[in-house]
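> Model the following, please.
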Amino acid sequence: MSLTNGRVSIAVGDYEFYADALFGLLDHSYTIDEETLYREFESAVRDLFRESDSFSDPKKLLLKFDKRCGALLAKKSTFVVITSVNLKDAVPRGRTVNQCAIRFHKTLPRKFRSARAALLKVENSVGINVENDGYLFVEVTVTAVNDYTAFEMAMEALAVYRGLIQLHVSKTINQFAGPTLAHRYPAEPQLKLGNIHTVHTAEGGPIQNAHWFEETINKDPAIEGENFAAADDGVRRFLRKMTNSSPEFSQFCTKFIAAYTTALDTRDADAKLVRFWLCLELLTGADDAKNIIKRIAFFYSNQEVVVAQLKALRSARNSHVHAGAKPPRVALKNFVLVGFIENLIVFVVSNHFKFDNRQQWWDFMSTTTDIKSIDEQIARLRMVKKFARPARGVPEQSDDSHP
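Have a look, this model is predicted:
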């Protein structure tokens, strides 16, 4: 980098690699899309170099970055994301997920029709320019710094809603459903998004170039949604539990439920297996097989069987990721992983022990379930407490007292 007459110049070379790596180390909670965040980070780098011609104090860079992000977040606007889901007749009640208001409609509200019709004509990579036949329209109202952040927030909110719906779908082996294991052991989402997503102003007008298309075409017909009311009520209860949790714990729930929905949406069975295992990593807070398996087995009475199953699933995942070998009967393995993941999701979101953060949850999972060991730990802690308590009749000395 160089400074000439108050202007910062960056020579092509190592800078972009270092800047990208440094940005990747940032731990933040800004609700801003990553590309916008990276631009603000680069601007903060330029500002600091312009002022001091050096980066001797990293805190100054972080302060400038935080100031720029704060300025963005102070100028939010209201956006509306329009998409569709594969429900035919059952119109779910509106829900609010992470401050995103979700509403369902049999027909598209009038104020969005002309703008969406124009956006449908835009050329796209999958060659789809029509609505999914028979699908319900979904309207998601979002307050965000820009249209792309609004789109990401809306998709995440819908992923949470769809993931919670999935918890109420009966998981059965379909012996006569089709010729392949994928038909026999389904691991697909009940609620699927339509092909086209558009972003609008609050008044219904278009946002230039603010339209997205699914990477693979969804040709699935709309479903009847039998007994959907019960599932929708279950979603209401889970959302209330998340809302009543601390913001940190609620955000933890959001991330792994959205990751689960992403895994369900994945078409390739081998890639789905990898994504399902990633869900277990997120839920357990571990990235090594030993701790992942130990923490999941914590919840089961037949721990030896569960450990054996998870070791086999981990081996299949490793053979695909590290050796490039396609695991056999992958659809069956995905079906089993769904069971483990959903059991954990229900337990975590229910939050019976009122945890405030994810670390408390992970610590709980790491505890032994052997009664003898627990009793020994309790006895040991009682001895420590007795030792640490001041002797009767001997006053405690303050920190500034002297012998």
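> C-alpha from now on. contacts and neighbour counts both.
Noted.
> Distance from the helix or strand where F49 lies to the middle of the chain?
Taking DSSP states H and E as the definition, one finds F49 inside helix 34-52. Computed by Cα atoms, centre = their mean, to the nearest Å, the chain-centroid distance of helix 34-52 equals 27 Å.
> buried ones in that helix?
36-38, 40-42, 44-50 (16 or more other Cα atoms under 10 Å).
> Relative to E224, how far out is the residue nearest the centre of the chain?
Centroid-nearest residue in the chain: K255, 2.6 Å away (criterion: Cα atoms, centre = their mean). Separation of K255 from E224 (Cα to Cα, to the nearest Å): 29 Å.
> Could you do T36 as well?
Distance of T36 to E224, computed by Cα to Cα: 40 Å.
> any low-confidence regions in this structure?
Scanning the chain for pLDDT under 70 picks out 1-14, 53-56, 172-183, 369-370, 374, 376, 387, 390-403.
> could you pull out the strands for it?
Assigned by DSSP state E, the chain shows strands spanning 2-4, 7-9, 77-85, 95-97, 100-105, 136-144, 196-201, 206-213.
> Surely H320 touches K326?
Yes. When contacts are counted by Cα atoms under 8 Å, H320 is listed as touching K326 (5.5 Å).
> between the two, who's got more neighbours?
H320 (17 against 14; other Cα atoms under 10 Å).
> and that one, what does it touch?
The contact partners of H320, by Cα atoms under 8 Å, 6 or more residues apart in numbering, come to D270, K326, P327.
> measure the closest residue to L193 other than its chain neighbours to H105 for me?
Spatial nearest neighbour of L193, chain neighbours left out: V85 (4.5 Å); criterion: Cα to Cα, 6 or more residues apart in numbering. As for V85, its distance to H105 is 10 Å (criterion: Cα to Cα).
> Quick check: neighbours shared by the two?
With Cα under 8 Å, 6+ apart as the test, V85 and H105 both reach L136, F137, V138.
> hmm, which of the residues you listed are the buried ones?
L136, F137, V138.
> Please verify my assumption that L61 contacts L48.
Yes. Using Cα under 8 Å, L61 is in contact with L48, at 6.5 Å.
> so who does the closest residue to S250 other than its chain neighbours touch?
Of all residues not flanking S250 in the chain, M242 sits nearest, at 5.1 Å (Cα to Cα, 6+ apart). Residues in contact with M242, defined by Cα under 8 Å, 6+ apart, are F249, S250, C253, V349.
> and these, which of them are in helices?
F249, S250, C253, V349 (DSSP state H).
> Among those residues, which one sits closest to E131?
When those are compared for distance to E131 (Cα to Cα), C253 wins out at 31.9 Å.
> For the closest one, list the residues it contacts.
M242, V348, V349.
> Mind putting those residues into TSV with distance to G94?
Conversion of the contacts of C253 to TSV gives the following (distance: Cα to Cα, whole Å):
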residue	distance to G94
M242	17
V348	24
V349	20
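> Looking at these, which is nearest R358?
V348 (9.4 Å).
> neighbours around that closest one, how many?
Neighbourhood size, V348 [other Cα under 10 Å]: 20.
> mind listing what it touches?
C253, W361.
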